[in-house]
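> predicted structure and sequence below. I'll ask about it afterward.
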Amino acid sequence: MARQQIATLTTDFGMQGPYVGAMKGVILQICPQAQIIDITHDIPSHDLLAAAFVLAQSLSYYPPGTVHVVVVDPGVGTDRAILAADYADQIVIFPDNGVITLVERLLPLKEIRVCCNTQYVPSEVSGTFHGRDIMAPLAGRILNGLSISVLGPRPGTYKLFDLPEPTAEEDRITGQVMQIDKFGNLMTNIPGPLLRQVAGRLDAVRTTCGDKDAGPLARSYGFVEPGTPLVVFNSMDMVEVAVNQGRADEFFDAEVGTQVVVIG
Amino acid sequence: MARQQIATLTTDFGMQGPYVGAMKGVILQICPQAQIIDITHDIPSHDLLAAAFVLAQSLSYYPPGTVHVVVVDPGVGTDRAILAADYADQIVIFPDNGVITLVERLLPLKEIRVCCNTQYVPSEVSGTFHGRDIMAPLAGRILNGLSISVLGPRPGTYKLFDLPEPTAEEDRITGQVMQIDKFGNLMTNIPGPLLRQVAGRLDAVRTTCGDKDAGPLARSYGFVEPGTPLVVFNSMDMVEVAVNQGRADEFFDAEVGTQVVVIG
Amino acid sequence: MARQQIATLTTDFGMQGPYVGAMKGVILQICPQAQIIDITHDIPSHDLLAAAFVLAQSLSYYPPGTVHVVVVDPGVGTDRAILAADYADQIVIFPDNGVITLVERLLPLKEIRVCCNTQYVPSEVSGTFHGRDIMAPLAGRILNGLSISVLGPRPGTYKLFDLPEPTAEEDRITGQVMQIDKFGNLMTNIPGPLLRQVAGRLDAVRTTCGDKDAGPLARSYGFVEPGTPLVVFNSMDMVEVAVNQGRADEFFDAEVGTQVVVIG
């Protein structure tokens, strides 16, 4: 059987307009047998950090050779580069704006190129929709076998975010909320391994989120009463503050940046 | 041609986060040629009843052998079981929380198993994301040919909801709103056949929803003026209260549970 | 390799209910190897104009033979016809309510038929869900090779909207906002070529949107400061009023119909 050709899309386009449908068509026109996977189109407009988290939590699960197209691109049409990279056999096409930061931390980079070879990157394109005009056609061609090594030179450098890091002193870790999911769960920047290393006994861990006590460290949401707060190691093995069957963002009046302190 | 391998997803994850993308990747990593179909990710958080309705109205339309993964799972990480069932050659993987209730009423059960065989169900998994860690891998393997009969024993029992039933006396049926769709249409728990059996003449049927008259029984929305209420047999052949090109939920100030009375 | 069989869906169903999942199942039951592509299900309820724009901006990018199913259908169940048309080898199945207006302007019509042949169009169907009962089955069959020419006669006429046209006098073009995208960008009805023809120097163009100055004509958003308005030729080569990394709909207090004047 032929290798399956999978392209994923991660954008802030929403679904209500024509942008997603146009990109899918362009990929399929070049590679009709591609399977196109929506990772998300609901990244908040221009929110590079949110996109970076979604990518980092999705990419490694795909089969080798999957082509991921990322269009969260407030700099579209300016001189920001479009990059194509190979992280652990996942091909990612993305604007050079830092959106790759968390993938870079998780997966080994095997190759990265600036997409500028005019044989593959048209110069006469719209100023506002490079997802359709440059990135989707490249995705189709890469699925058809084009190597990213022909797309242009390696970049001298490329943009990565600085992200707030947790601090640990003795039995206390101070971190913050990094992402809020659809349920209102608060993912922090405190890695599970760090907490397990710092804490004496896990059943004695105390956590505060903003001004409030965040309840016990539990194996999952259902181990406390509905409406009650708790702390879990989430599916990324990061410390997460939650409320069983409720919204922790509302319970704690929390947002991205709210301080979370864990005492082991 | 090889049998097509189709996996569907029904979740309350929303699309903005990483959960859906991760699950799709896991299925594709195990079964790269799978076609993955989004039924919905917009079930309201933890709303088992809403998920039960969507499943019951979708499943029977899929080709035999389709694998449906259902992740509306407030009890994730607790001792609630994960079940795999065969309803009329549709394979469904779901948490044992009642979400299967309406499928159970519609389609014959051919087989059901508890997913616990550690050869297929890893025991070292996250506490919060069994959709990715247990259910998606099982879906991929079942698409690849694994029989659900090897996954574990038949459950002694499994959870089914009690649902409010309409009552009929003489020419009067008393029911309630069960689901509100995106247009604001109010699906009741009154089956079309029951109304046709009870009513003398369909053109004389009178319906009230909450305190208000719900207008005539019509063949479809467009048979009354825009903004005007009406009653239809909907696409499930259930009695539905609607407003032509308007929102019945707002018109009637209705919610799930609002009483609907039909007099035949 | 066999020709790829692609069906797209464009609806106002939203994703939270069962309608999308049911339609996908019906197509796959008839044509299991179909790839089903979501163009959008987030058209505002009954908004034919929004659907017309999405279709016009998506269709031409798909491979020949793609079957596009359009279900924005406030007249479902009435005597409005269902049509099947071939526009430049794109097959479109749609209700006869004008939703095809903008596709009709962009792509040459090769064939159009009324779907009424009872061999292919069942007469015993629900009154409220022809997407599932008529259009999806037709899509599956057309993907399997059925010619639209057997579906029924050519329509004597079919519905097309009148759309507001811009007026040009000397160096002044008066148009209006036609669509607002997810970012708040305001697409007008002023074609790029018209502006380029009327304007003396593009860098001297002045634009007002409602009462406010809309800033310079720029190649893309990032050429003005964040929060600042600008005018671009958008990805459809239409004049668009935007705010860099902001919402033009809020900045200009604009809606569909707000006047936009360009002075060249």
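Sure thing, it's come through.
> OK, contacts around whatever residue of the stretch 151-264 of chain A ends up closest to chain C?
Nearest residue of the stretch 151-264 of chain A to chain C (CB to the nearest CB) works out as A:K182 at 12.9 Å. (C-beta placed from N, C-alpha, C; glycine too.) Residues near A:K182 by CB atoms under 8 Å, 6 or more residues apart in numbering or on different chains: B:12-14, B:16-17, B:45.
> same check on A:G184?
A:242-243, A:246-251.
> what's the answer for A:Y120, then?
A:137-138, A:141, A:146, A:150-151.
> wait, A:I36 touches A:K24, no?
Yes - with contacts counted by CB atoms under 8 Å, A:I36 reaches A:K24, the gap being 5.2 Å.
> quick check: neighbours shared by those two?
Going by CB under 8 Å, 6+ apart, residues that sit against A:I36 and also against A:K24 are A:9, C:37.
> for A:T208, helix, strand, or coil?
Following DSSP: H, G, I helix; E, B strand; the rest coil, the label given to A:T208 is strand.
> number of nearby residues for it?
15 (other CB atoms under 10 Å in any protein chain shown).
> which residues pair with the closest residue to it other than its chain neighbours across the strands?
Leaving aside its chain neighbours, A:T208 sits nearest to A:V261 (5.0 Å; criterion: CB to CB, 6 or more residues apart in numbering or on different chains). Bridge pairing for A:V261 (DSSP bridges) gives the partners A:T174, A:T208.
> residue in the stretch 101-250 of chain A nearest to chain B?
A:S220 (2.4 Å).
> ditto for the stretch 51-200 of chain A
A:Y61 (3.0 Å).
> which ones are touching that residue?
By CB under 8 Å, 6+ apart, the neighbours of A:Y61 are B:21-22, B:24-26, B:29, B:132.
> quick check: which of the residues you listed are also close to chain A?
B:21-22, B:24-26, B:29, B:132 (CB under 8 Å from any CB of the partner chain).
> from those residues, which two are the most distant?
For these, the maximum inter-member distance is 12.4 Å, found between B:G21 and B:Q29 (CB to CB).
> which of these two has more residues huddled nearby?
Set side by side, B:G21 and B:Q29 show more neighbours around B:G21, with 27 against 17, by other CB under 10 Å.
> reformat the contacts of A:Y120 as a markdown table; add pLDDT, distance to C:T157 and neighbour count.
Putting those into a markdown table (pLDDT from 0 to 100; distance: CB to CB, whole Å; neighbours: other CB atoms under 10 Å in any protein chain shown) gives the following:
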| residue | pLDDT | distance to C:T157 | neighbour count |
| --- | --- | --- | --- |
| A:P137 | 98 | 39 | 20 |
| A:L138 | 98 | 44 | 24 |
| A:R141 | 98 | 43 | 19 |
| A:L146 | 97 | 47 | 15 |
| A:V150 | 98 | 52 | 11 |
| A:L151 | 98 | 50 | 23 |
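> what's the closest of the residues you listed to B:T128?
A:L138 (35.8 Å).
> nearest residue to that closest one other than its sequence neighbours?
A:I93 (5.6 Å).
> beta partners for that neighbour?
Those that pair with A:I93 in a beta bridge, by DSSP bridges, are A:V69, A:A84.
> how many residues are close by the closest residue to A:T228 other than its chain neighbours?
Excluding its sequence neighbours, the residue lying closest to A:T228 (CB to CB, 6+ apart) is A:N244, at 5.7 Å. Residues lying near A:N244 (other CB under 10 Å) number 21.
> do I have it right that A:N244 meets A:V232?
No - with contact defined as CB under 8 Å, A:N244 does not reach A:V232; the gap is 10.1 Å.
> C:Y221 versus whichever residue of chain A sits closest to chain C, what's the distance?
Among the residues of chain A, A:G77 lies closest to chain C, at 2.4 Å counting by CB to the nearest CB. Separation of A:G77 from C:Y221 (CB to CB, to the nearest Å): 7 Å.
> which of the two has more neighbours?
Neighbour comparison, A:G77 and C:Y221: the larger count goes to C:Y221, with 27 against 19 (by other CB under 10 Å).
> which residue ranges of chain A form helices?
A:19-30, A:48-58, A:101-106, A:130, A:136-143, A:192-198, A:248-251 (DSSP state H).
> angle of the fifth one against helix A:19-30?
Meaning helix A:136-143. Here helix A:136-143 points in a direction 40 degrees away from that of helix A:19-30 (axes from the mean of the first three to the mean of the last three CA atoms, to 10 degrees).
> need the contact list for the residue of chain A closest to chain C.
A:126-128, A:130, C:219-223.
> equivalent analysis for A:L138, please.
A:82, A:84, A:93, A:115, A:120-121, A:146, A:151.
> residues contacting A:S45?
Contacts of A:S45 (CB under 8 Å, 6+ apart): A:12, C:182-183, C:245.
> related to what we said a few turns ago, which of the contacts of A:G77 tops the neighbour count?
That'd be C:Y221 among those, by other CB under 10 Å, with 27 neighbours.
> from A:F251, how far out is that one?
Taking CB to CB, one finds C:Y221 at 37 Å from A:F251.
> just put the contacts of A:Y120 in a markdown table and tack on distance to C:V205.
Output for the contacts of A:Y120, formatted as a markdown table (distance: CB to CB, whole Å):
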| residue | distance to C:V205 |
| --- | --- |
| A:P137 | 31 |
| A:L138 | 33 |
| A:R141 | 37 |
| A:L146 | 40 |
| A:V150 | 40 |
| A:L151 | 35 |
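> farthest pair within the residues you listed?
Largest separation among the contacts of A:Y120 by CB to CB: A:P137 and A:V150, giving 14.2 Å.
> can I get the contacts of A:G184 in JSON lines including distance to C:Q176 and pLDDT?
JSON lines is the format used below for the contacts of A:G184 (distance: CB to CB, whole Å; pLDDT from 0 to 100):
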{"residue": "A:A242", "distance to C:Q176": "48", "pLDDT": "97"}
{"residue": "A:V243", "distance to C:Q176": "47", "pLDDT": "97"}
{"residue": "A:G246", "distance to C:Q176": "46", "pLDDT": "96"}
{"residue": "A:R247", "distance to C:Q176": "41", "pLDDT": "97"}
{"residue": "A:A248", "distance to C:Q176": "45", "pLDDT": "98"}
{"residue": "A:D249", "distance to C:Q176": "40", "pLDDT": "98"}
{"residue": "A:E250", "distance to C:Q176": "41", "pLDDT": "98"}
{"residue": "A:F251", "distance to C:Q176": "46", "pLDDT": "98"}
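> out of those, who's the most crowded?
A:A242 (31 neighbours).
> nearest residue to that residue in space, ignoring adjacent ones along the chain?
A:N185 (4.5 Å).
> state the number of residues packed around the residue found closest to A:I43 once you drop the neighbours it is linked to in the chain.
Distances taken as CB to CB, 6+ apart place A:D12 nearest to A:I43, at 4.0 Å, with adjacent residues excluded. By the measure other CB under 10 Å, the count of residues near A:D12 is 24.
> same check, this time on A:T157
7.
> got a pLDDT number for it?
Per-residue pLDDT puts A:T157 at 97.
> then A:A2?
pLDDT, A:A2: 51.
> over to A:V198?
Looking at A:V198, the pLDDT reads 89.
> for ChimeraX, what selects the buried ones among the contacts of A:Y61?
Entered in ChimeraX, the line below selects the buried ones among these, by 16 or more other CB atoms under 10 Å in any protein chain shown:
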select /B:21,22,24,25,26,29,132
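> quick check: the residue of the stretch 101-250 of chain A closest to chain B touching B:G127?
Yes - A:S220 lies in contact with B:G127 (CB under 8 Å); the separation is 3.8 Å.
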